[in-house]
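Asker: Just to be clear, the model below is a prediction. Sequence and coordinates:
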Amino acid sequence: MELTQVNNSELNNILSNFDVNPSKFSYEKINTGYINDSYFISIDDQKKYVLQKINTNVFKNINAIWGWITMSIGSGLLIPMLLRWYWSRMNGWGFSIGTMAGMISAIAFKAIAPVGVTEYTMFMVSSGASLLGTIVGTLLTEPTDEETLQNFYIKTRPFGTWGKFKNNLDKKQQMAIEAENKRDIFSTFIAVPWQVTLFLFMMSLMFKTWTTALILGGICGILTIILYFSWYKHLSTNE
């Protein structure tokens, strides 16, 4: 690839935001692709980067893209992922149809929704369609055989509508499962902030905000210790 030597102040300003000293660089426009303006950047003939400029005619802003992916597309998968643990009647067809219904509704709603619609509205539409698709898809198809469900319950010990499968076990097993479920409930309230703290800790390292990273690292460490004793330590003993 033949690169053109330039002295471009705009590219200098952009590259400086990424902790790059653009004292000598070369670039070439990448002509493949239809959404973004893309450039191949070479710094001192060693480091190489791909720089993209968002096409604002397609994507108005990054937050809107991320919000649509997480609150709309993501919610189409959320409902089937949750229901499979709590609803013993749910089957593979219900999961598949619910997921597809949520994602298709997210794409369709994005295409016809008025400007300024909130992410919470997108979430409700997509999750509602996913819930309906999961229920209808499950009830209109054959249930999973009970032997498979019993084995699944023994291995995973979920909450929800699994009472008859639990009652098939002896009293000692039932008491062990009840104790595990109580630990899981407690650990859930620790695991959620642990995940958030871990994510923010990694972001702090990336942005080199060392004080914040130190605080978040300490919190994450404390939560990790709690999770070890309340959840992880018991995994190997749950037979």
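Answerer: Sure, I can see it.

Asker: I figured Ser88 hits Phe159, correct?
Answerer: No - counting by CB atoms under 8 Å, Ser88 does not reach Phe159; the two are 10.6 Å apart. Using the backbone N, CA and C atoms, a C-beta is placed for each residue, glycine as well.

Asker: between these two, which one's more packed in?
Answerer: Ser88 (20 against 10; other CB atoms under 10 Å).

Asker: Now the more buried one. Its backbone dihedrals?
Answerer: Main-chain dihedrals, Ser88, degrees, to the nearest 10: phi -70, psi -20.

Asker: Quick check: the gap between it and Gln173.
Answerer: For Ser88, the distance to Gln173 (CB to CB, to the nearest Å) stands at 17 Å.

Asker: Same check on Asp184?
Answerer: 16 Å.

Asker: swap in Leu131?
Answerer: Note on Leu131: its distance to Gln173, by CB to CB, is 32 Å.

Asker: Could you do Pro80 as well?
Answerer: From Pro80 to Gln173 the distance is 28 Å (CB to CB).

Asker: Those two: which has the busier surroundings?
Answerer: Higher neighbour count among Pro80 and Gln173: Pro80, with 25 against 14, using other CB under 10 Å.

Asker: Return the residues in contact with that one.
Answerer: The contact partners of Pro80, taken as CB atoms under 8 Å, 6 or more residues apart in numbering, are Met90, Gly94, Phe95, Gly98, Thr99, Gly102, Ser130, Thr134.

Asker: Dump these to JSON lines, plus pLDDT, neighbour count and secondary structure.
Answerer: Converted to JSON lines, the contacts of Pro80 look like this (pLDDT from 0 to 100; neighbours: other CB atoms under 10 Å; DSSP: H, G, I helix; E, B strand; the rest coil):
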{"residue": "Met90", "pLDDT": "95", "neighbour count": "23", "secondary structure": "coil"}
{"residue": "Gly94", "pLDDT": "95", "neighbour count": "25", "secondary structure": "helix"}
{"residue": "Phe95", "pLDDT": "95", "neighbour count": "20", "secondary structure": "helix"}
{"residue": "Gly98", "pLDDT": "94", "neighbour count": "30", "secondary structure": "helix"}
{"residue": "Thr99", "pLDDT": "92", "neighbour count": "20", "secondary structure": "helix"}
{"residue": "Gly102", "pLDDT": "90", "neighbour count": "28", "secondary structure": "helix"}
{"residue": "Ser130", "pLDDT": "93", "neighbour count": "28", "secondary structure": "helix"}
{"residue": "Thr134", "pLDDT": "96", "neighbour count": "27", "secondary structure": "helix"}
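
Asker: now, which of those sits nearest Gln52?
Answerer: Among the contacts of Pro80, Gly102 lies closest to Gln52 (CB to CB), at 29.2 Å.

Asker: Doesn't Tyr228 belong to a helix?
Answerer: Yes - Tyr228 sits within a helix when classified using DSSP: H, G, I helix; E, B strand; the rest coil.

Asker: Just name whatever secondary elements the helix or strand Trp68 falls within is in contact with.
Answerer: Taking DSSP states H and E as the criterion, Trp68 maps to helix 62-68. Here helix 62-68 touches helix 119-139, going by 3 or more CB pairs under 8 Å, 6 or more residues apart in numbering; DSSP states H and E.
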